[in-house]
Every structure is written in structure tokens, then in C-alpha cells.
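# Starting from these lines, generate the structure:
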Amino acid sequence: MSTLTARAEEILTQAKQLDSYIVSNGLPPTSFDQDSLMNLPPEYEAVQSALIESTHTLKRLAQGTFGAMTEMLYCFTDLTTLRALYHYKIPQAVPLTGSITYDEIAQRISLPSTLVSRFLRHAMASQIFTESLPGHVTHTAISHTLSIDPEFFEAVGLLTDEFAPASNALIGAIDTYPDSREPTHTERMNRFGMGMRYFTRGEGWDLKHLRAGYDWDAIDSPGGVVVDVGGGQGAFSQFLAASTRHLRFIVQDSAAVANSGEAALPEDLKERIDFMPHDFFTEQPIKGADVYFMRWILHNWSNKYCLQILRNLVPALKKGSRVVLYEFLLPDKPVTKLRQKQGLNLDMVVLSCFNSSERTTMDWQRLFEEADIRFRFDNAITPQGSTMSIIQAIWL
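The predicted structure follows:
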């Protein structure tokens, strides 16, 4: 068992590695005024993740039981402040350069100056805004990004105005519908848009992991077909088409989304990518495809509805057809690492908003077996560097 000193020395080693990278690449020293650790190479991203884990563990040990619990209990105050920043568009009221007084901000957003200062002082405790001079507010890296990045800003709104209220209503919903599998038995359903695009930024979400982590080349021959179920405007199909020669793609979604995707499709891909309206709660009309692919679809639905979706594929499957899913994979046992908690956070989000769940490998295997005994669960793998996992079942 490591001592506090041993853990601190480990942190020092990790910090020196990152500082060395910063210096050798001519980057500014790390500060709350600007980000120097963005878009790191994979080997340094691993060091960064290790440093975050190490400092989090040391912090929890130093806090002790009471301190750690107290911090968790008061997390709601951060959400309160973030909601105020979002609702009143406070980041946009602060100039990108220079400073502004609390009174001037109050005039711009039509709030009492006392409230503005209370919200901002609380935000400053989390390095969101700072005072360059007494009473003068200036941006930090976080607040500056909130003011100029619409997706980052809407991600805050998505959490504070949709996910958080849904989470607060969760226990009441469970008491009312203790064994419900219905998506309509939730308090919040919508407003993903730009917020979700922000949450799927970054190296771990890059589609290159899905390309590299699955043997698409094995079916890249004349006549090979991939049905992209719920594929939106065909982002993945377009990505994969660019690195294959023969595969044909059929992207299915609602009529409005399919029409929009078709209209925006680059001319050079029109011979290999088709769009069609399709409701995945009805029988799959494309028969005998090599792969029926769903990216981040089933985690929005409880097992009851996932079974309907999978069973609607059955009449279309040929021997050897593969159902390939791209989903977040929960660990099979309890975890303590901060990064691994992300999946558990997502599980609480989809429970609150959709009455659905993220799943473990065993959960996915059971789901396919219950859908039809002719599904053979093949594997669930997480490509190196990927946040998401590839889950496959083969039709016998």
C-alpha cells in the first residue's frame, strides 16, 4: 500500500514528463488562462490520464471520509452556478479581452449586481472567470471557451436543463414505475444537438478506432453491403466508404434525416451510399446484408425495446450476417479510477432520460441470446485509445 509520499512522487514523475513535452514543443506553461495540454500525442495523453488518476486518488486520501463525502454532497451548487451561467449567457457578457465590472455585467443581462457577483465568485472557485483587479471580471480558459464555442456552451445547457432535472426526478419515477421499461416514463427526453456533439469530441471518440478495430476489409468485395441502422446523415458510412473500395452502404433513419443526409452527400459517394427512411421498430427491409450496424442506438432503449429492434432484423438476416454495435461498454466489476467512472455517469444519464442503460459484455451476450437463440455472440472489444467498444453477434 503506497504512502502519501510515494503517491506524490509518482505524480511528480508524471508532471515532469508533461512539462518536458510542453517545453520541447514550445508551448506556454500550464495555467488556468490557456490550455497547453490539448491534442496530445497518444503516449502523452496516457501520461495525462495517469496524472489525473493519481492526483484524484491522492486528493481523496487526503480528504478522508468526511471531506470526500462533503465535496460530493455539495456538487449540486456547481450545477446551480453553471445553470445560471448558461441561462443568463454570462460568459458572452464578458469581453474576450480586457475586463468588465460586476455592475456592467448586471446591466447587460438584467440581473441585480449582487446576484451576478455571487454566481461569478462561486464559478471562480472552479477557475471559471477570475478577477484581474478587485471588482473586474476577466475570462479564464474555461469561461473563454464557453463564450466562443457553441457546442461547449450547449453541453452545459444539456446537462443543467435536461440531464440534471431528469436525474432529480429519477427516484420519484422509480417509486411510481418500479419495474418500468418504458421510455415515456421519464422527465426529460430531448435537447441533444450541439451538446452531444461536444461530448463526443476528442481522440477517444474518433471514428478511426471503429475503422481500425473491426475487419471491414473482410467484406470489402463486390456485392458487400453494410446497413447503417439509425445512421443519421451517414457520418460513419461516409468515413468508411473513403477507405474501402467496393462496400455499398444503406443509411437508414427517419424520413427527414434521411432526406437531409442524401441532399448533403458528396457527389463522389453517391454511387456507394444510399439513404432510406426506416423505423427500426418495424421489420428490416434490406435482406441479406453482410453487416447490420448500429452506432450508439441501443443504449437509448431498455431491454424490452432492444429486443424488438434486434428481432426486427431477424427476417432479413442470412447465414453469417453480422450485427455490429458501437456502444459504451461498462466494466464487469466495480471500478475506482476516475476515467472509468465516465461509463457509470452515462449509465445514470440514460437511466434518467430514457429509462435505458449502458451494458456490460455479459449484458450484451444475454440480450442477443434472448432476442433469438440463432444469434451467436462473438465478442466485445475496445480498440486501443477508443472510448467506445465494438460488439458483434453472428447469425447462424
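
# secondary structure element for the residue lying closest to residue 146 once chain neighbours are set aside?
Of all residues not flanking residue 146 in the chain, residue 91 sits nearest, at 4.0 Å (Cβ to Cβ, 6 or more residues apart in numbering). (Each C-beta comes from the backbone N, C-alpha and C, glycine too.) Using DSSP states H and E, residue 91 sits within helix 90-93.

# Contacts made by that helix with the rest, please.
For helix 90-93, the external contacting residues (Cβ atoms under 8 Å, 6 or more residues apart in numbering) are 84-85, 100, 105, 108-109, 116, 119-120, 139, 143-144, 146-147, 153.

# May I ask you to confirm that residue 249 is in contact with residue 274?
Yes: using Cβ atoms under 8 Å, residue 249 is in contact with residue 274, at 7.2 Å.

# beta partners for residue 277?
Under DSSP bridges, the beta-bridge partners of residue 277 are residue 253.

# So the residue of the chain most remote from its centre versus residue 142, what's the distance?
The C-alpha centroid of the chain is most remote from residue 134, which lies 38.2 Å away (Cα atoms, centre = their mean). Per Cβ to Cβ, to the nearest Å, residue 134 is found 21 Å from residue 142.

# and the residue nearest to residue 89 when sequence neighbours are not counted, what does it touch?
Using Cβ to Cβ, 6+ apart and skipping residues adjacent in sequence, the residue nearest residue 89 is residue 109, 6.7 Å away. Neighbour list for residue 109: 88-90, 93, 116 [criterion: Cβ under 8 Å, 6+ apart].

# Residue ranges in the stretch 151-300 of the chain under the pLDDT threshold?
Where the stretch 151-300 of the chain drops to pLDDT under 70, the residues are 170, 177, 179-201.

# Can you show me the helices along it?
164-168, 170-176, 193-199, 208-212, 235-241, 255-264 (DSSP state H, counting those that start in this stretch).

# got the buried residues for the longest helix seen in the chain?
Looking across the chain with DSSP state H, the single longest helix is helix 42-73. For helix 42-73, a neighbour-count test (16 or more other Cβ atoms under 10 Å) marks 44-45, 47, 50-51, 53-55, 57-58 as buried.

# Show me the strands in the stretch 1-150 of the chain, by range?
For the stretch 1-150 of the chain, the strands defined by DSSP state E, counting those that start in this stretch cover 100-101, 130-133, 136-138.

# residues near the residue nearest to residue 146, how many?
24 (other Cβ atoms under 10 Å).

# which residues sit against stretch 35-47?
14, 17-18, 21-22, 27-30, 48, 141, 203, 385.

# likewise stretch 361-371?
Surrounding stretch 361-371, the residues in contact under the criterion Cβ under 8 Å, 6+ apart are 298, 303, 306-307, 310-311, 314, 323, 325, 327, 329-330, 332, 357, 359, 375, 377, 380, 391, 393.

# Restricted to buried residues, select the residues you listed in PyMOL.
The PyMOL command for the buried members of the contacts of stretch 361-371 (criterion: 16+ other Cβ under 10 Å) is given here:
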select buried, resi 298+303+306+307+310+314+323+325+327+329+330+357+359+375+377+380+391+393
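
# What's the separation between residue 20 and residue 50?
Using Cβ to Cβ, we find residue 20 at a distance of 15 Å from residue 50.

# Which residues are in contact with residue 4?
Taking Cβ under 8 Å, 6+ apart, we find residue 4 in contact with 58, 61-62.

# sorry, that was for residue 213
381-383, 386, 390.

# Could you report the separation of the residue farthest from the centre of the chain from residue 96?
On the measure of Cβ to Cβ, residue 134 and residue 96 end up 21 Å apart.

# Phi first, then psi, for residue 376.
Backbone dihedrals for residue 376, given as degrees, to the nearest 10, come out at phi -110, psi 110.

# Ignoring the adjacent residues along the chain, who's closest to it?
Using Cβ to Cβ, 6+ apart and skipping residues adjacent in sequence, the residue nearest residue 376 is residue 394, 4.9 Å away.

# and the one you found, that's in a helix?
No: counting by DSSP: H, G, I helix; E, B strand; the rest coil, residue 394 is not found in a helix; it is strand.

# burial of it, as a residue count?
Neighbourhood size, residue 394 [other Cβ under 10 Å]: 18.

# distance of it from residue 284?
According to Cβ to Cβ, residue 394 and residue 284 sit 16 Å apart.

# Also residue 324?
Residue 324 sits 14 Å away from residue 284, going by Cβ to Cβ.

# quick revisit: neighbour count and pLDDT for the contacts of residue 109 - can I get that in TSV?
As requested, the contacts of residue 109 are exported to TSV (neighbours: other Cβ atoms under 10 Å; pLDDT from 0 to 100):
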residue	neighbour count	pLDDT
88	19	96
89	13	97
90	25	97
93	19	97
116	24	91
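
# ok, these vs residue 217, which is closest?
residue 89 (48.5 Å; Cβ to Cβ).

# Can you report phi and psi for residue 378?
When read as degrees, to the nearest 10, the backbone of residue 378 gives phi -90, psi -60.

# oh sorry, the question was meant for residue 351
When read as degrees, to the nearest 10, the backbone of residue 351 gives phi -60, psi -40.

# contacting residues around the closest residue to it other than its chain neighbours?
Leaving aside its sequence neighbours, residue 351 sits nearest to residue 357 (Cβ to Cβ, 6+ apart; 6.2 Å). Residues near residue 357 by Cβ under 8 Å, 6+ apart: 299, 302-303, 347, 350-351, 363.

# if I look at residue 357, how far off is residue 326?
16 Å.

# ditto for residue 312
Distance, residue 312 to residue 326, using Cβ to Cβ: 19 Å.

# out of the two, which sits in the busier spot?
Under the criterion of other Cβ under 10 Å, the comparison of residue 312 against residue 326 puts residue 326 first, with 21 against 18.

# Residue 249 and residue 274: who's more crowded?
A count of neighbours by other Cβ under 10 Å puts residue 249 above the other of residue 249 and residue 274, at 25 against 17.
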